[in-house]
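> below: sequence and its predicted model.
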Amino acid sequence: MRTVQACTIAGSDSGGGAGIQADIKTFQEREVFGTSVIVAITAQNTKGVNGIYPIPMQGVQEQLEAVFADFDLGAVKTGMLVDETYMIAVANFLKKYPLIPLVVDPVMIAKGGASLMAAEAMKEMKETLVPLATLITPNLPEAEELVEHTIMSEDDMVVAAYEIQKMGSCNVLIKGGHGANQREAKDYLLTDDGTGYWLAGPRYETKHTHGTGCTYSACITAELAKGKSVLEAVRTGKAFIDAAIKDELKIGHGQGPTNHWAFGRKERANDEKN
Ligand SMILES: Nc1ncnc2c1ncn2[C@@H]1O[C@H](COP(=O)(O)OP(=O)(O)OP(=O)(O)O)[C@@H](O)[C@H]1O
Ligand SMILES: Cc1ncc(CO)c(N)n1
């Protein structure tokens, strides 16, 4: 059987809960062979980001060339891209691969508040990467930056999704993790045929939400790599992140990581029952 392969172009999180580490763990859980292009190293743990060390541009280019020249990638995702120079370089490279589904997670700020992307880079993101994206997955603050106005309600999320789609991303998923809804964690998906879907799950009272966005978009990327539709991939992603938040790991002394094993364990337990 063919082994499904995917790539993440992102930053490393030494704390293991977000970034490249979250992506590879999630790919592995979804039985997808993970490859990576590391754009920056962060000195990070559950308490915060202590340092950001971008990889020299040539190193990023060489990683891109090495991975894309050898692997049969079913899908690619981007995460932390540091600033506009990396964004442009990555976009120029990815332009050569229009047939590989691309998930763009426009990572701006870590949960603890540290900036992971230069503020000016959002303009570049809109012009270079968004038009290449099969799916873009902003959280609420990122969506606000993209559309340049506040998003206060569910109706605003719907309007913002249309505005972002007009920028060129075929499909748009606005994540509601930062929203005011205390009962539900509700995301809005606008697909390329103009259909909108709400994906809702219970909101858990937990501080262990470090890397939720990376994990969610990595699971979606893994499913797209298998040839699933965007809607199917996002539905699996939502179930994966729900389980990963619900079945929390008590790791670290701050805002801890999610549980990347939880969804697979639940699936395997169901299989054994049937
Ligand atoms: N407390 C919570 N309980 C349940 N689901 C949550 C909770 N917080 C976030 N989610 C869900 O997790 C997913 C990721 O959303 P979120 O808005 O947290 O992403 P993010 O801010 O990009 O994450 P990060 O920057 O930490 O990687 C969404 O499906 C969201 O609805
Ligand atoms: C490297 C990295 N990427 C993304 C995030 C966002 O969760 C983070 N905290 N660190």
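Happy to help now that I have it. Numbers count the residues shown, from 1 in each chain. Ligands and ions are numbered 1, 2, ... in the order given.
> and the stretch 101-250 of the chain, which of its residues are near ligand 1?
111, 139, 175-178, 185, 187, 201, 203-204, 206, 209-214, 216, 238, 241, 245 (C-beta under 6 Å from any ligand atom). C-betas here are computed from N, CA, C, even on glycine.
> what's the neighbour count on residue 15?
For residue 15, the neighbour count with other C-beta atoms under 10 Å is 25.
> buried set for the helix ranked longest in the chain?
As assigned by DSSP state H, the longest helix anywhere in the chain is helix 230-246. The neighbour-count check on helix 230-246 (16 or more other C-beta atoms under 10 Å) flags 230, 233-246 as buried.
> repeat that for stretch 97-112.
The neighbour-count check on stretch 97-112 (16+ other C-beta under 10 Å) flags 100, 101, 102, 103, 104, 105, 106, 107, 108, 109, 110, 111 as buried.
> now do the helices for the chain: every range, in order, please.
19-29, 57-70, 84-94, 121-124, 140-147, 154-166, 212-225, 230-246, 262-273.
> what residues are up against residue 130?
Residues in contact with residue 130 (C-beta atoms under 8 Å, 6 or more residues apart in numbering) are 104, 136, 146, 164, 167, 168, 169.
> give the buried subset of those as a ChimeraX selection command.
Restricted to buried positions by 16+ other C-beta under 10 Å, the ChimeraX selection for these reads:
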select :104,136,146,164,167,169
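> which of the contacts of residue 130 sits closest to ligand 2?
When these are compared for distance to ligand 2 (C-beta to the nearest ligand atom), residue 104 wins out at 13.0 Å.
> I'd guessed the closest one sits against residue 135; true?
Yes. Using C-beta atoms under 8 Å, residue 104 is in contact with residue 135, at 7.3 Å.
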